[in-house]
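In: coords please:
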Amino acid sequence: MDPFRRIVVLLPLLPLLLLLLLLHSADVLSLSSHRALVYPQDPVLRVGSDLTASCWVHPDVGLHAASLYWTLNGQRLAASAYRTLSANNLSVTLSALNASRQTSGDNLVCHDREGRVLAGSCVYVGMPPEKPRNLTCWSRNTKDLTCTWTPGGTGETSIRTQYVLKYKLRWYGKEKECEDSAHSPPFSCAITRDLHLFTPYEIWVEASNRLGRAASDVLTLDILDVVTTDPPAGVTLSRVGQLEDQLSVRWDAPPGLKDFLFQAKYQIRYRLEDSRDWKVMDDVGNQTSCRLAGLRGGTVYFVQVRCNPVGIYGSRKAGIWSEWSHPTAASTPHAERGASGSCDSKGSSGDSNSTLRRELKQFFGWARKHAYGCSSMSINHYDQWRMLMQKSHKARNQVLQRDKS
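Out: So this is what the prediction gives:
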């Protein structure tokens, strides 16, 4: 072939030839600039895989491969796993590898006979991620959209795994990534910019590492359906006169929702001072006050309130319950009790008093039944009768005490 034509034919291949020459030169420089090298460098393998690594020592170092040995995470490996490939090259084979002890990888190191480190490599052994689970989102006062999730399976991949919360508007818009997604527990991310109301979102989580990737199921939601808020503010607990079995609870609507059109649902829970068991009242409705009845006299109670925003901007779904407010405490007045069983032993007067007590007890049961649960009916007459009953008991006990003396 004409030399000129040969040059013309080779011209299109010139960039490829130059690239191969550069790569070969870089490899030679890398080997020549090190006393020793371990190959492969930083491999990533599945649990249960085998690995054969080699330690190459520069001829100028003057070490023979037979004088070298290997360690894994500081533990010397058995010589039976070695193989001398050449005077300057010693290999080791690791079978059925276990998961890496740390996400930064296991240290595979080549030593000379005195124990000096010649070269090393990080070995990453793990599993590809599984599909993330339990994706849940909420919006605090419609100002953000925060989501949490849990890793799939056992959640242990043994190598560094990245998690990214992704989202887009359901019918239009580009796929976006939530900034600052957490890569370790608790897994969460908050979307704080360019929020859209009245438009469904599609949200999912993608997990990836050097062995693979996996995506969660897609969660479709409208921000207005997952609104939560701060706990009710200004919770106060006070006595109702001298009624021994009642306390009054008052609170303010959550300040973060004061500019929204919504109806709140409230819940109250209360417990005795020396108890950990809370009693929850679900039928409070949208009132900001409540009467607790049927309590013990002379007892300290702790009370908390929480809120569920309903119907924000006309949404048909209830929101998400807020956290409970800080506990507020108050005590009921002390009950004054006379000698038990002594009233019915006074003949006709005792019978009359017994009948009155029975009638008052029936009225008390009826009134407490209707007042319990914070109904909106007026209970002024109930309060009057309760006070009258208490005074009647006290007066009767004083008479009995005088009679005994």
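
In: and the strands in the stretch 101-250 of the chain, which stretches?
Out: Along the stretch 101-250 of the chain, counting by DSSP state E, counting those that start in this stretch, strands occupy 106-111, 117-126, 133-140, 145-150, 162-169, 176-177, 187-191, 201-209, 212-215, 219-221, 227-228, 233-239, 247-252.

In: what strands line up against the fourth one, and which way round?
Out: Here strand 145-150 is paired, per DSSP bridges, with strand 133-140 (antiparallel), strand 187-191 (antiparallel).

In: just want the angle from the shortest one to strand 162-169.
Out: Read that as strand 187-191. 40 degrees (axes from the mean of the first three to the mean of the last three CA atoms, to 10 degrees).

In: and the angle for strand 187-191 with strand 201-209?
Out: Computed by the same axes, to 10 degrees, the angle separating strand 187-191 from strand 201-209 equals 140 degrees.

In: residues making contact with strand 187-191?
Out: 132, 144-151, 163, 165, 167, 178-182, 205 (CB atoms under 8 Å, 6 or more residues apart in numbering). C-betas here are computed from N, CA, C, even on glycine.

In: list only buried entries from those residues.
Out: Neighbour-count burial (16 or more other CB atoms under 10 Å) applied to the contacts of strand 187-191 gives 132, 145-151, 163, 165, 167, 178, 181, 205.

In: pick the most deeply packed of the strands paired with strand 145-150.
Out: Neighbour counts (mean count of other CB atoms under 10 Å) averaged over each of these peak at strand 187-191, with a mean of 20.

In: how about it as CSV, C-alpha atoms only?
Out: What follows is strand 187-191, C-alpha atoms only, in CSV (Å, rounded to 0.1, in the frame of the first residue of the first chain):
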residue,chain,number,x,y,z
PHE,A,187,-34.4,8.8,57.7
SER,A,188,-36.3,12.0,56.7
CYS,A,189,-36.3,15.0,54.4
ALA,A,190,-38.3,18.3,54.4
ILE,A,191,-39.5,20.1,51.2
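
In: chain center to that strand: distance?
Out: Relative to its chain's centre, strand 187-191 lies at 10 Å (CA atoms, centre = their mean, to the nearest Å).

In: run a quick neighbour tally on Ala87.
Out: Neighbourhood size, Ala87 [other CB atoms under 10 Å]: 12.

In: gap between it and Ala79?
Out: Distance, Ala87 to Ala79, using CB to CB, to the nearest Å: 17 Å.

In: got phi/psi on Ala255?
Out: Rather than Ala, residue 255 is Pro. When read as degrees, to the nearest 10, the backbone of Pro255 gives phi -60, psi -30.

In: count the neighbours of it for me.
Out: By other CB under 10 Å, neighbour count at Pro255 equals 13.

In: relative to Ser86, how far out is it?
Out: As for Pro255, its distance to Ser86 is 77 Å (criterion: CB to CB).

In: rewinding a little: and the strands paired with strand 145-150: which comes nearest Asp282?
Out: strand 133-140 (20.8 Å; CB to CB).

In: contact partners for Val117?
Out: Val117 makes contacts with 109-111, as judged by CB under 8 Å, 6+ apart.

In: do the same with Gln304
Out: Neighbours of Gln304 in contact, by CB under 8 Å, 6+ apart: 235, 268-270, 278, 324-328.

In: what's the closest of those to Pro186?
Out: Closest to Pro186 out of the contacts of Gln304 is Trp324 (19.9 Å), distances taken as CB to CB.

In: I figured the closest one was touching Phe302, is that so?
Out: No. Trp324 is beyond contact range of Phe302, at 10.7 Å (criterion: CB atoms under 8 Å).

In: Leu195 is in contact with Asp144, correct?
Out: Yes. The pair Asp144 and Leu195 passes the contact test of CB under 8 Å, sitting 7.2 Å apart.

In: report the rounded mean pLDDT for stretch 201-220.
Out: Here stretch 201-220 scores 95 as its mean pLDDT.

In: what distance separates that stretch from the centre of its chain?
Out: Per CA atoms, centre = their mean, the displacement of stretch 201-220 from the mean C-alpha position of its chain is 18 Å.

In: repeat for stretch 132-147
Out: The chain centroid and the centroid of stretch 132-147 are separated by 11 Å, computed with CA atoms, centre = their mean.

In: same question for it, mean pLDDT?
Out: Taken as a whole, stretch 132-147 has an average pLDDT of 92.

In: now do stretch 289-298
Out: Summarised as a single mean, pLDDT over stretch 289-298 is 90.
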